[in-house]
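S.K.: fold the following for me, if possible:
(one chain, ligands or ions: 2)
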Amino acid sequence: MDGNGRWATRRMLPRVAGHKMGLDALRNCVRRCGDIGVNVLTVFAFSSENWKRPIEEVAGLLDLLALALAREVPLLQAEGVRIHFIGDRSGLPPKMQAGLAQAEALTSGNSRLVFNVCFNYGGRWDIAQAAARLAAEGQPITEASLGAATALAHVPDPDLVIRTGGEHRISNFLLWQSAYAEFHFSEKLWPEFDAQALDDAIADFNQRERRFGKTSDQVRGAPHREAA
Ligand code: IPE
Ligand code: MG
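M.R.: Ligands and ions are numbered 1, 2, ... in the order given. I've put the predicted structure just below:
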């Protein structure tokens, strides 16, 4: 969800005002996903590297998470959304850690949409914590075991990764899980990313041919013999 800061700066507003608008955009995006039958939505809300931002912006983002826990979680519950928080919780204040666990417990019976919020998350953190866990348990490290130890093992790998704000980078998001994802880059700043923009991204995705290492003929079902 990139572009909140620029959205605010262009309007001569403090950056935190952009993050507030970003929360509104996120609420609409979650609703749209539920309405159109998306099963899983995973968003990058705060990265392991975002602590390096100015202290007032970090404080604003933490306050916004606390506000969202109080104000948005009841709405998610009413809409049948199950929330998970993905990231290193040990770096968050204990009260906030309790709030995250409470939101997860409250919504754990919901299945309309699985909503993963990556907070204090990094793709490298996830791979490293998964490997460390397997090593501590003396388990062999394979693609399957490592994948199962990642923080997103409860959902399938993403089909589509959307980056807003005109940047063409992955910035440490879903490094392991996005191996075969389709990428969509939107010029829109996140606060402007509305239902139409989401529909456009999905229409773009639907144009792609996903080959997973095979040839175009193979995935189109032309007769062939497989080597293995
Ligand atoms: C939101 O956008 C990302 C978060 C860390 C919440 P940015 O804050 O990166 O916005 P820009 O890139 O400065 O516009
Ligand atoms: Mg940015």
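S.K.: name the helix or strand of the protein that has the lowest mean pLDDT.
M.R.: Sorting the helices and strands of the chain by mean pLDDT, DSSP states H and E puts helix 216-219 at the bottom, at a mean of 95.
S.K.: could you pull out the buried residues of it?
M.R.: Within helix 216-219, no residue is scored as buried using 16 or more other CB atoms under 10 Å. (Each C-beta comes from the backbone N, C-alpha and C, glycine too.)
S.K.: can you check stretch 87-105 too?
M.R.: Buried-residue list, stretch 87-105, by 16+ other CB under 10 Å: 87, 92, 96, 99-100, 103.
S.K.: need the mean per-residue confidence for that stretch.
M.R.: Stretch 87-105 carries an average pLDDT of 97.
S.K.: what of stretch 151-168?
M.R.: On average, stretch 151-168 scores 98.
S.K.: how about stretch 97-117 as CSV, C-alpha atoms only?
M.R.: Extracted in CSV, the C-alpha atoms of stretch 97-117 (Å, rounded to 0.1, in the frame of the first residue of the first chain):
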residue,chain,number,x,y,z
GLN,A,97,0.3,-7.6,21.0
ALA,A,98,-2.7,-8.4,23.1
GLY,A,99,-5.0,-6.4,20.8
LEU,A,100,-3.7,-8.3,17.7
ALA,A,101,-4.3,-11.7,19.4
GLN,A,102,-7.8,-10.5,20.5
ALA,A,103,-8.8,-9.5,17.0
GLU,A,104,-7.6,-12.8,15.6
ALA,A,105,-9.5,-14.8,18.2
LEU,A,106,-12.7,-12.7,17.7
THR,A,107,-12.7,-13.3,14.0
SER,A,108,-11.4,-16.9,14.0
GLY,A,109,-14.7,-18.4,13.0
ASN,A,110,-15.1,-16.3,9.9
SER,A,111,-14.4,-17.6,6.4
ARG,A,112,-15.8,-15.2,3.8
LEU,A,113,-12.4,-13.5,3.4
VAL,A,114,-9.0,-14.2,5.0
PHE,A,115,-7.3,-10.9,5.6
ASN,A,116,-3.6,-10.9,6.4
VAL,A,117,-2.1,-7.7,7.7
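S.K.: what lies in contact with it?
M.R.: Residues outside stretch 97-117 that contact it (CB atoms under 8 Å, 6 or more residues apart in numbering): 30, 33-34, 38-43, 45, 66, 69, 73, 76-77, 79-86, 89, 92, 119, 152, 154-155.
S.K.: so what's the residue in the chain positioned nearest to ligand 1 closest to, chain neighbours aside?
M.R.: Residue of the chain nearest ligand 1, by CB to the nearest ligand atom: Gly5 (2.6 Å). In space, and not counting its chain neighbours, Gly5 is closest to Arg15: 4.4 Å by CB to CB, 6 or more residues apart in numbering.
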